[in-house]
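sequence below, structure please.
(one chain, ligands or ions: 1)
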Amino acid sequence: MDLKDLYRDVILDHNRQPRNFGPLSPADASADGHNPLCGDRLTVYLRLDGDTIRDVHFDGKGCAISVASASLMTEAVKGKDRRAIANLFEEVHATLTGDAATPPASLGKLAALSGVREFPARVKCASLCWHTLNAALAHECAPVTTE
Ligand code: ZN
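Predicted coordinates:
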């Protein structure tokens, strides 16, 4: 099995069975995200302990990439603090946009999103959940729109 097949299987698996899916209540913070180019709509819910994400859920409707990306993100950020999440987001962004030649090992399963770089229109689908997470961390209640 080559890497591309492996990545595709991870995306399909997380789209079919999204992890941490559904509202979290009570939540300490939440934010809504919308990608008008594709129609993806996500809500990210957080339970925080100081700077650390104790629990994170998402719900909403979107394409396979947006749902799989959000599912992978929830697994990746749980238990991390703001600083670690900011670093991780930078690596994800570099991978999505092709600035990083190969996904860094620290990305773990998030590396599966690297195939998205071949489809520039889908980068916003994959990054929507991260922008929504950042909005929730900023305790912003206003909807965010990716540009
Ligand atoms: Zn999409």
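
show residues contacting stretch 56-64.
11-12, 15, 18, 20-24, 27, 33, 35, 38-47, 70-71, 73-74, 77-78, 122, 125, 128-129, 132-133 (CB atoms under 8 Å, 6 or more residues apart in numbering). Any C-beta I mention is one placed from the backbone N, CA and C, and that applies to glycine too.

you'd agree Pro18 is up against Ser69?
No. In this structure, Pro18 is not within contact of Ser69 by CB atoms under 8 Å, at 10.1 Å.

comparing these two, which shows the higher neighbour count?
Under the neighbour definition other CB atoms under 10 Å, Pro18 and Ser69 were set side by side, and Ser69 has more, 31 against 19.

spatially nearest residue to that one (excluding sequence neighbours)?
Using CB to CB, 6 or more residues apart in numbering and skipping residues adjacent in sequence, the residue nearest Ser69 is Ala126, 4.3 Å away.

do the same with Asp99
According to CB to CB, 6+ apart, the nearest residue to Asp99 is His93 (7.9 Å).

and that neighbour, how far from the ion?
17 Å (CB to the ion, to the nearest Å).

confirm Asp55 sits in a strand?
Yes. Assessed with DSSP: H, G, I helix; E, B strand; the rest coil, Asp55 lies in a strand.

so how many other residues sit close to it?
Neighbours of Asp55 (other CB under 10 Å): 16.

was I right about it contacting Ser30?
No. Asp55 lies out of contact with Ser30 (CB under 8 Å); the separation is 12.0 Å.

next up, the contacts around Pro26.
Going by CB under 8 Å, 6+ apart, Pro26 touches Arg47.
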